[in-house]
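Student: following is a predicted model, sequence given first.
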Amino acid sequence: MGYSKVNECVIATDLYYSVADNTWARVNEDGTVYIGMTDIAQSLAGPILHAKAKPVGKVRKKGRPIATVESGKWVGPIKTPLSGEIVETNKALEEDVQLLNKSPYNKGWVVKLQPSDLENELKEMVTGDEAVEQYKEKIERDGIQACAHIEGTEDYE
Amino acid sequence: MQQALDLRQNKYSEVSQEEKDRLFQECKDDERWHHILYGCYECGICVAACPSAKFYDFSPRLIAQSVAREDTDAIYTLMNDSVWDCSQCFSCDRCPRGNSPGQIITVMREVAVKNGLQTAKQALEGYGRIIYKIMSTGSQVSPDMLQPNAFPDWGHHVNEIADNLEVWRRALPPETLHTTETGWKVSEKTIIELYLIWHMTGVMDLIQGIDDGLHMILVDVMEERLEEAGYDIEFD
């Protein structure tokens, strides 16, 4: 997996992003997708205290919440960038919810989705260099500070 | 650092006079308004009694005098930069003229929230978790919010409490307190009533104007639970 850094914020270049909602999607070979929050999202939220994913079997439209995340200073939704049915939630987060902070693109995935309109909806997301470029603009436009990483964060080199 | 409050400078000169007048009119249209503002002797009792005035650049007298003078430039500045410094303790209710700067501020805050002023959004940002907890569960701060990394000032024994939270809670005599995710057990009937009240009174619309993400997750929880209870209600 390749990584790029903008203002200390890591962007995994093989993932698809919804830049506005700070979420990513990884398409698996079996047609399912993993959904998670970005490094910028975890940094803005701060150390996460609770994360509650919607249950398996829940069907969600694009833009609706698939999980609620609470940190010391913030509570908000993780909005799914793709429509579909939740087929799995990340059990590892029950043991260590701060995997969302420490490994947002790998161990900290939030739900696995069976997408219902992948081909069309994926076109509205960005990946690779385009994602890096859009995040550069967003970071500048919104005045986002350099991303902070808690102890135990995975190595992105 | 917060800038000093200086009403001699018209800080929000870019905001139109019509908009400032409209917001003040909304304050005056509130039915409480004429029971909380009479006149001012300039005695300073409200300021002397005010705990916020001791710590912030804040004065309940300035609020009462500005609204009595109907100085809409000053009122707009106060509505943005001052009303959130009040602790709403109503110590200022000892005014010999019967003014209540605290209640004037309540009305001004409500107008600021209803109109989605940016400063109101900023002032309320830190309260999202508490609002979410109260409005989704019907109970206030919950025991499981007691996490070591959120309360380092409690010292090392906070770890022991957090690790054995269920045991500590079971040690409390009332069974309704044997909870960790909520402050106490909230009955199904109570929570459904609360959701319906918030829906019918427009509270959810207020929240949407201030924090869209918070509104989204609250509505999600409420719609699901109301549906289970046999109500077909759409919040959006």
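Tutor: Everything's here; your move. Numbers count the residues shown, from 1 in each chain, chains lettered A, B, ... in the order given.

Student: B:I161 against B:R169, yeah?
Tutor: No. Counting by C-beta atoms under 8 Å, B:I161 sits too far from B:R169 to count as a contact (10.2 Å). For the C-beta atoms, the positions are set from N, CA and C on the backbone; glycine is no exception.

Student: who's in contact with the residue in chain A positioned nearest to chain B?
Tutor: Nearest residue of chain A to chain B: A:G76, at 3.8 Å (C-beta to the nearest C-beta). Applying C-beta atoms under 8 Å, 6 or more residues apart in numbering or on different chains to A:G76 gives the contacts A:45, A:68-69, B:128, B:213-214, B:217.

Student: B:E166 too?
Tutor: B:T180.

Student: which pLDDT value goes with B:Q147?
Tutor: Reported pLDDT at B:Q147 in the predicted model: 71.

Student: number of nearby residues for the nearest residue to it once chain neighbours are set aside?
Tutor: Among residues not flanking B:Q147 along the chain, A:L49 sits closest, at 5.3 Å (C-beta to C-beta, 6 or more residues apart in numbering or on different chains). Other residues near A:L49 come to 21 when the count uses other C-beta atoms under 10 Å in any protein chain shown.

Student: tell me the secondary structure at A:L49.
Tutor: strand (DSSP: H, G, I helix; E, B strand; the rest coil).

Student: got a pLDDT number for it?
Tutor: 86.

Student: hmm, it is touching A:W74, no?
Tutor: No. Applying C-beta under 8 Å as the test, A:L49 and A:W74 come out as separate, 9.9 Å apart.

Student: what's the closest non-adjacent residue to B:T72?
Tutor: B:K20 (4.2 Å).

Student: kindly apply the preceding question to A:Q134 instead.
Tutor: A:V19 (4.7 Å).

Student: so the one you found touches A:K138, yeah?
Tutor: Yes. In this structure A:V19 lies within contact range of A:K138 using C-beta under 8 Å: 5.8 Å.

Student: between those two, which one's more packed in?
Tutor: Taking other C-beta under 10 Å, A:V19 and A:K138 do not tie; A:V19 has more neighbours (20 against 16).

Student: backbone dihedrals for the residue minimising distance to the centre of chain A, please?
Tutor: In chain A, the residue lying closest to the centroid (C-alpha atoms, centre = their mean) is A:M37, at 1.9 Å. The phi/psi pair for A:M37 (degrees, to the nearest 10) reads phi -100, psi 150.

Student: anything in the helix or strand where B:M216 lies near chain A?
Tutor: Assigned by DSSP states H and E, B:M216 belongs to helix B:212-228. Yes. Residues of helix B:212-228 are located near chain A by C-beta under 8 Å from any C-beta of the partner chain, namely B:213-214, B:216-217, B:220.

Student: would you format those residues as JSON lines with pLDDT included?
Tutor: Shown next, in JSON lines, are the residues of helix B:212-228 next to chain A (pLDDT from 0 to 100):
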{"residue": "B:G213", "pLDDT": "91"}
{"residue": "B:L214", "pLDDT": "94"}
{"residue": "B:M216", "pLDDT": "93"}
{"residue": "B:I217", "pLDDT": "94"}
{"residue": "B:D220", "pLDDT": "90"}
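
Student: A:N101 reaches A:I150, doesn't it?
Tutor: Yes. Counting by C-beta under 8 Å, A:N101 does reach A:I150; the two are 5.0 Å apart.

Student: anything in contact with each of those two?
Tutor: By C-beta under 8 Å, 6+ apart, the residues touching both A:N101 and A:I150 are A:P47.

Student: who has more neighbours out of the two?
Tutor: Under the criterion of other C-beta under 10 Å, the comparison of A:N101 against A:I150 puts A:N101 first, with 25 against 14.

Student: pull the distance from whichever helix or strand that one is part of to the chain's centre.
Tutor: Using DSSP H and E, A:N101 maps to helix A:99-102. Relative to the centre of its chain, helix A:99-102 is centred 11 Å away, using C-alpha atoms, centre = their mean, to the nearest Å.

Student: for it, packing partners?
Tutor: strand A:48-53, helix A:92-95 (3 or more C-beta pairs under 8 Å, 6 or more residues apart in numbering or on different chains; DSSP states H and E).

Student: those: which one's closest to B:T179?
Tutor: strand A:48-53 (15.1 Å; C-beta to C-beta).

Student: just checking, what packs against that closest one?
Tutor: strand A:65-71, helix A:99-102.

Student: which of these sits closest to B:A64?
Tutor: strand A:65-71 (38.8 Å).

Student: the closest one close to chain B?
Tutor: Yes. On the criterion C-beta under 8 Å from any C-beta, strand A:65-71 is in touch with chain B at A:65, A:68, A:70.

Student: so what strands line up beside the following helix or strand past that strand?
Tutor: Per DSSP H and E, the first helix or strand lying C-terminal to strand A:65-71 is strand A:75-79. The strands beside strand A:75-79 in its sheet (DSSP bridges) come out as strand A:65-71 (antiparallel).
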